[in-house]
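Peer 1: here is the input, now give the coordinates:
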Amino acid sequence: MAKSDIHIEILGTNLTISAEEPPEYLNMLLDKYRRTIENVQQTTGLKDPLKTAVLTGFLLCDDLEKAGSAADAVKIEDEDQGEAERLTQGMISRLNEIIPKEREKDAYPEAPTANPPVYKLKNVIKNYDWGSADWIPTLLRQKNISRIPQAELWMGVNHSAPSRTELPDGKSGPLLSELIDREKEAFLGREIAQKYGTLPFLLKILAAEKPLSIQAHPNLRQARDGFEKENLKGIPLDAPNRNYRDPGDKPEIICALNHFAALCGLRDVREICFLIETLSMESEGIFKQGFEKLILALKRRDGNPLKDFISTLFGINNEWLEMLGPFLKKQQKLLESDFQEYKNEWALCVYLSELFPKDHGILAPLYLNIIELAPGEAMYIPPGILHSYIKGMGIELMADSDNVLRGGLSSKHTDPPELLSVLEFSQFKPEIMKLPYPLSFRFMYPAPIGDFSLSVMHGLGTAVPYNEAGPSILIVTAGTLTINQSIAMETGESAFIPPHNSLEFSGTFTAYLASAKIS
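Peer 2: As a prediction, this is how the structure comes out:
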């Protein structure tokens, strides 16, 4: 018998089948299948094509079994239909559990091959009052109708804001941490899996439209001691007054995406003394006495003058701080005229006094270095270094820790005594790491940040091989990057790349890559 072809368009799927049956019979089956689909959708309200197809096939099998023959199955009796509907409703919850897991299993196998694929990420945005309502949404090509400030985009496995993987259909898959836990050596590499057991770094987009707190981060010993001490005190991990949320250190590197201004590292003692003396020249009475205490601390020959100065400043009374802002504003023009080389310092002090009246951090521009980064430039901040980001958008890479000790310029919990216990009281000015010229495809910033690194990649249209020995997270900040001619990543998209993945990058783009280093 000659075969008959029939073209089927159902549930968004098109296919042609051939069978040794007359066309009339095949059309009758197709019509029955369509009517059963419509009945399933009306009965259950299902919209998902896969779930609808599964239930339809199940009902037709049930129909055949009850009718006893294919001929009798053309018509479903009322009592059978009622039973089938009850069966259908009973199966919906089961299918809701099974089908997503089967899809997830297909996309992310339990036992990955030696070269697991690339996984796009869905990341958490942190909303803080110092954030920008525009910068992160613009990068992500999204609208921010609420105008709520978006301060940080976290990419990694940190428990307070873990990234989630994205399924091929764009829906949310498992957490990145869950994916890694399934097969740590495949997703981390043997060395990182044995040493850390998880992804050791946290990558962020930071968007500071207003200044962040004056802060520093502990080294590993300080973090472990502080974490244990607060645990013994019974302070909950999510308590507002908690300083140590984990036992990890937090070295970090910040790379500017636009013009970026920061305060970082203590100035030379003599320069701080000169600036405080200059500012105090027109002061009087009890207010002048406060300045004299600060100057005396800087001029002491025994002990550490930087430590004495910061300790004295943090201990100064509120009455003196209350007079500081108005005094700065009154003296600004005179100071900028007579000491023009420090014009930015005077202006920034006034700006901070307007945002944070009666705050110790108002004078920070006089004892911390003002750092300005052009797009693409970066600086490394070791543990124990006092700093504050003033304004700008940047890529920030750090150890996977959330330990921050604050001393001022913040509405959050500040703990000056604990901050003083972790600070390095020595002169420090960070080196500005600049991009090479001409630009190479990949430039790794030379920062001693630990077992991970930050690189910037510039795609110029030609295909370039990628083969990293450690796990990485990549984010595209401009253009379009195509991986293996199949995975297109647009501006704002990020991805997790397992180690030993022989890939090919092509397109015209700028992207930043955080990678765990293998010794």
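Peer 1: hey, let's count contacts and neighbours off CA atoms from now on
Peer 2: Noted.
Peer 1: domain ranges for this protein?
Peer 2: 4-107, 122-264+372-422, 266-368, 442-516 (automatic domain parsing).
Peer 1: now render the ones you listed as CSV, adding distance to residue 434, mean pLDDT and mean neighbour count.
Peer 2: Below are the domains of the chain laid out as CSV (distance: least, CA to CA, whole Å; pLDDT from 0 to 100; neighbours: other CA atoms under 10 Å):
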stretch, distance to residue 434, mean pLDDT, mean neighbour count
domain 4-107, 40, 56, 14
domain 122-264+372-422, 5, 94, 20
domain 266-368, 21, 95, 17
domain 442-516, 8, 92, 19
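Peer 1: how about JSON lines for those, with distance to residue 428 added?
Peer 2: Shown next, in JSON lines, are the domains of the chain (distance: least, CA to CA, whole Å):
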{"stretch": "domain 4-107", "distance to residue 428": "49"}
{"stretch": "domain 122-264+372-422", "distance to residue 428": "8"}
{"stretch": "domain 266-368", "distance to residue 428": "6"}
{"stretch": "domain 442-516", "distance to residue 428": "15"}
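Peer 1: what segments of the stretch 101-250 of the chain are helices?
Peer 2: 135-139, 176-182, 184-188, 190-195, 220-232 (DSSP state H, counting those that start in this stretch).
Peer 1: can I get these in JSON lines with distance to residue 25?
Peer 2: Formatted as JSON lines, the helices of the stretch 101-250 of the chain follow (distance: least, CA to CA, whole Å):
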{"stretch": "helix 135-139", "distance to residue 25": "56"}
{"stretch": "helix 176-182", "distance to residue 25": "48"}
{"stretch": "helix 184-188", "distance to residue 25": "52"}
{"stretch": "helix 190-195", "distance to residue 25": "60"}
{"stretch": "helix 220-232", "distance to residue 25": "74"}
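Peer 1: which among these is found nearest to residue 396?
Peer 2: Taking CA to CA as the criterion, residue 396 comes closest to helix 135-139 out of these, the separation being 13.5 Å.
Peer 1: what is that closest one packed up against?
Peer 2: If you count contacts as 3 or more CA pairs under 8 Å, 6 or more residues apart in numbering; DSSP states H and E, helix 135-139 packs onto strand 201-208.
Peer 1: show me what the strand it packs on is packed up against.
Peer 2: Strand 201-208 packs on helix 135-139, strand 152-155, strand 387-399, strand 503-516, going by 3+ CA pairs under 8 Å, 6+ apart.
Peer 1: how far does it sit from the chain's center?
Peer 2: Put simply, strand 201-208 sits 5 Å off its chain's centre (CA atoms, centre = their mean, to the nearest Å).
Peer 1: the chain should start at 26 in everything you say after this.
Peer 2: With the count now opening at 26, the last piece we talked about shows up as strand 226-233.
Peer 1: who touches that strand?
Peer 2: 155-157, 160-161, 175-183, 414-426, 477, 498, 539, 541 (CA atoms under 8 Å, 6 or more residues apart in numbering).
Peer 1: got a list of what the closest residue to residue 448 other than its chain neighbours touches?
Peer 2: Closest residue to residue 448 apart from its sequence neighbours, by CA to CA, 6 or more residues apart in numbering: residue 409 at 4.3 Å. Residues in contact with residue 409, defined by CA under 8 Å, 6+ apart, are 241-244, 447-449.
Peer 1: and the gap between the residue most central in space within the chain and residue 510?
Peer 2: Geometric centre of the chain, nearest residue: residue 179, 1.3 Å, by CA atoms, centre = their mean. As for residue 179, its distance to residue 510 is 27 Å (criterion: CA to CA, to the nearest Å).
Peer 1: what do you get for residue 483?
Peer 2: Here residue 483 is placed at a distance of 17 Å from residue 510 (CA to CA).
Peer 1: try residue 295
Peer 2: Look at residue 295 and residue 510: by CA to CA, they are 59 Å apart.
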